[in-house]
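Visitor: Got a predicted model here, sequence first, then my questions.
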Amino acid sequence: MSIGSVLDLLRPDFPDVTISKIRFLEAEGLIRPERTPSGYRRFSVADCERLRFVLTAQRDQYLPLKVIKEQLEAIDSGAATLGVREARARAHSGRTGASESAASDSEHSDTSGGNRNGAAAPRRLGVVPSEISPDDLRFDHEIRLTRADLLAQADIDETFLNDLVRANLITPGPAGFFDGDAVTLAKTAKAMAEFGLEARHLRAFKLAADREAALVAQIAAPIAKSRDAGARARAEETVRELAALSLTLHTCLVKSSVRTSLGG
C-alpha cells in the first residue's frame, strides 16, 4: 500500500501522524518499507503494525526512539519482553476497544456478527478519499508519448490538442514528447468541454496552479541551496509534500465555495 493509504489506516487512532513523521521513522530504521523500481514506497501490513507499535509506545509510554528500536529488534529476533507485548496489545486495544492484536482483530472482522463489521466501516468513510499523497506527485521520466500516442490515449483530435497547447495547458518536452500527466489532463479537459468549458476558459486553473507552484518552490528553494548532502532530495520531498497539501486544501476550498454558491 502507498504512504497515503498508511495514513488513512493510522489517523483514526493517531490524528497527529504525518507523512513527514513516517519518513522520519523510516530514516531512523524503525520501519523498512520496500521500494518499487521507480522509487515508490510500498508498505506491507507488517510495516503498518510496526508503525502502530512505535506510535503507541511514544504516546502511551513516552519511550525514546532508541528504546523503541531496541524493543522492535527484540521482537524481530523472537526475544520480545513482556513490556513489548503489552505495548503491542495496547496499540490494538486502543484501536478496537477489544482486540489484542491485528491478527485477532482480522479474525473477528471475518467471523463475528454484523455489529463489529458495521463499526469498522464509518471509520474508513471518515477519511477524505480524495486526499493526495506526495508519492502521487513523483515524476515518471520513463513515460515518453508521441503526439499520436497522446491523441489515441486521450481520445481527442488534433484541433482539441492544439487548443490545449495554445492555452499552455499542455506543453511538450524539448524533444517533443509528452508525459503521462498530459493524457490525464487532456481527458479531464475533454470531459469539462462537455459542460461548455473550452481550453481558453481553463486558463484560470493554469494561472492558479502556477501561483501555488511558485509559493511551494519559494519555500523549498532554501533547502535545495543547502550544502548538505542530499539537500536536493530533501527539497524535492518538501515540494511533493507541500504540493499534495495544497491540492487537498484547494479541493476543500472549491467544495466550500460551490456549496456556498448553491446556497448549501
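Guide: Received, thanks. Numbers count the residues shown, from 1 in each chain.

Visitor: where in the stretch 1-150 of the chain is pLDDT low?
Guide: Low-confidence segments of the stretch 1-150 of the chain (pLDDT under 70): 38, 78-142.

Visitor: Helices of that one, start to end?
Guide: Using DSSP state H, counting those that start in this stretch, the helices of the stretch 1-150 of the chain run over residues 3-10, 19-27, 45-61, 65-77, 82-96, 102-111, 114-125, 147-154.

Visitor: Next secondary structure element downstream of the last one?
Guide: The one in question is helix 147-154. helix 158-166 (DSSP states H and E).

Visitor: now that following helix, how far from the chain's geometric center?
Guide: Here helix 158-166 is found 32 Å from its chain centre; the criterion is CA atoms, centre = their mean, to the nearest Å.

Visitor: Likewise for stretch 218-238?
Guide: 20 Å.

Visitor: Please save the CA atoms from that stretch in CSV.
Guide: Output of stretch 218-238 as CSV, limited to C-alpha atoms (Å, rounded to 0.1, in the frame of the first residue of the first chain):
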residue,chain,number,x,y,z
GLN,A,218,9.8,29.6,-2.8
ILE,A,219,9.6,27.6,0.4
ALA,A,220,11.7,24.7,-0.9
ALA,A,221,14.4,26.9,-2.6
PRO,A,222,16.5,27.5,0.6
ILE,A,223,16.6,23.7,1.3
ALA,A,224,17.8,23.0,-2.2
LYS,A,225,20.6,25.6,-1.9
SER,A,226,21.9,24.0,1.3
ARG,A,227,25.4,22.5,1.0
ASP,A,228,24.4,19.4,3.0
ALA,A,229,24.4,16.0,1.3
GLY,A,230,21.0,15.1,0.0
ALA,A,231,19.8,18.7,0.1
ARG,A,232,18.2,18.4,-3.4
ALA,A,233,16.4,15.2,-2.5
ARG,A,234,15.0,16.8,0.7
ALA,A,235,13.9,19.8,-1.3
GLU,A,236,12.1,17.6,-3.8
GLU,A,237,10.4,15.7,-0.9
THR,A,238,9.3,19.1,0.5
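
Visitor: what inclination does whichever helix in the chain runs longest have with respect to helix 19-27?
Guide: Using DSSP state H, we find that the single longest helix of the chain is helix 231-261. If you take axes from the mean of the first three to the mean of the last three CA atoms, to 10 degrees, helix 231-261 sits at 150 degrees to helix 19-27.

Visitor: Can you point out the buried residues in helix 231-261?
Guide: For helix 231-261, the neighbour count (16 or more other CB atoms under 10 Å) marks 235-247 as buried. C-beta here means a position set from N, CA and C on the backbone, and glycine is covered the same way.
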